[in-house]
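*Asks:* Okay, structure incoming, though there's no sequence with it:
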């Protein structure tokens, strides 16, 4: 009987471990949200902003902002992580109030304000993954965040995610699942 009770304790402990691991792994954010970013953000003719370059970085988040001055000349300025975080927090407050353009429906292909653009692209790395995940669960925010990011890195990451979702599985015999060359035949009657 002693053996059975120790076995039951081991099963309970093992089950608790499995449950804890599934809870912890379920709370992890996608790797793309956790990475710090180096961004190049460009002002459009309508005054809105889009991300034209994006690269993951080991260092802090940072950005180069390209804008036109009063003479129409392109001017670049550097924005450090502290400034980016301050703008993202201001925009997140607008999200909470329902006034942010990041959660409004409508055409986002023309860009957004600077704070909205930064929040849309780097919410997870600037404000934490829980906020980033909560924002991405908002359909309007998710649509706007993908449309404001025109960088090749973003398109590449989206393409990889799409390919991994649509990759077809092969059966034991090497054909794609669901594509039988025999069709549906009945044997024996």
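*Replies:* Yep, it's here. For clarity, every value in this text was computed on a predicted model and none was experimentally measured.
*Asks:* In a helix, residue 60, correct?
*Replies:* No: counting by DSSP: H, G, I helix; E, B strand; the rest coil, residue 60 falls outside a helix, being coil.
*Asks:* contacting residues around residue 76?
*Replies:* Neighbouring residues of residue 76 by Cβ atoms under 8 Å, 6 or more residues apart in numbering: 64, 65, 66. Heads up, the C-betas are built off the backbone N, CA and C, glycines and all.
*Asks:* from those residues, which is closest to residue 39?
*Replies:* Here the nearest of the contacts of residue 76 to residue 39, counting by Cβ to Cβ, is residue 64; it sits at 7.4 Å.
*Asks:* elements contacting the helix or strand that closest one falls within?
*Replies:* Using DSSP states H and E, residue 64 maps to strand 62-68. If contacts are counted by 3 or more Cβ pairs under 8 Å, 6 or more residues apart in numbering; DSSP states H and E, strand 62-68 sits against strand 36-43, strand 74-79, helix 81-97.
*Asks:* What strands line up against that strand, and which way round?
*Replies:* If you go by DSSP bridges, strand 62-68 pairs up with strand 36-43 (parallel), strand 74-79 (antiparallel).
*Asks:* buried set for the host helix or strand of residue 135?
*Replies:* Using DSSP H and E, residue 135 maps to helix 129-136. Residues of helix 129-136 classed as buried by neighbour count (16 or more other Cβ atoms under 10 Å): 129, 131, 132, 133, 135, 136.
*Asks:* From residue 122, how far out is the first one?
*Replies:* Distance from residue 129 to residue 122, counting by Cβ to Cβ, to the nearest Å: 12 Å.
*Asks:* re earlier: now the strand holding residue 64: buried residues?
*Replies:* 62, 63, 65, 66.
*Asks:* would you list the residues you listed in CSV and tack on distance to residue 103 and pLDDT?
*Replies:* Listed next are these as CSV, based on distance: Cβ to Cβ, whole Å; pLDDT from 0 to 100:
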residue, distance to residue 103, pLDDT
62, 26, 96
63, 22, 96
65, 23, 97
66, 26, 96
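*Asks:* Now tabulate those residues in a markdown table and tack on distance to residue 54.
*Replies:* Below are the buried residues of strand 62-68 laid out as a markdown table (distance: Cβ to Cβ, whole Å):
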| residue | distance to residue 54 |
| --- | --- |
| 62 | 12 |
| 63 | 9 |
| 65 | 14 |
| 66 | 14 |
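*Asks:* thinking again about what came up before, deepest of the helices and strands packed on strand 62-68, which one?
*Replies:* strand 36-43 (a mean of 20; mean count of other Cβ atoms under 10 Å).
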